[in-house]
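Chemist: sequence plus the predicted model coming up.
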Amino acid sequence: MQKRSILLYPKVTEKTSKLIETENKIAFVVDKDATKDLIKKEFERKFNVKVEKVNVNRTFSGEKIAYIKLKEGGKAQEIATKLKIL
């Protein structure tokens with residue numbers, strides 16, 4: 001069985017850019033079968049930061065978006081800069 005990627009790509013909108021700056025959150029479009037726990041573990045492994053909370057939302061178009069809040073030590077802005085979305 002082939003391992004699928006959980007974090008597909010960062011969601012970049014005005015709203016998500018504001019969340020990065022004000023609430024230390026970053027948004028990713030994730031696999032439709034991914035759970036909050038799997039998203040948290042994958043994000044922590046991939047970016048080497050601690051995650052405080054994960055909220056998931058589904059859009060009308062079928063995308064599953066994870067809003068990932070980082071703990072105090074992590075900087076969403078630094079991750080966004082690495083990903084070249086800010």
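Modeler: Ah, there it is. Residues are numbered from 1 along each chain as shown.

Chemist: any residues touching stretch 28-40, and which ones?
Modeler: Applying Cβ atoms under 8 Å, 6 or more residues apart in numbering, the external contacts of stretch 28-40 come out as 4-11, 42-43, 51, 54-56, 62-66, 68. Backbone N, C-alpha and C define where each C-beta goes, glycine included.

Chemist: again, only this time at 7 Å
Modeler: Outside stretch 28-40, the residues within contact range by Cβ atoms under 7 Å, 6 or more residues apart in numbering are 4-11, 51, 54, 56, 63-66, 68.

Chemist: these in strands, which ones?
Modeler: L7, L8, Y9, P10, V51, V54, V56, K64, I65, A66, I68 (DSSP state E).

Chemist: got the contact list for F47?
Modeler: I79.

Chemist: quick one: which of the ones in strands among the contacts of stretch 28-40 is nearest T22?
Modeler: The nearest member of the ones in strands among the contacts of stretch 28-40 to T22, counting by Cβ to Cβ, is I68 at 14.7 Å.
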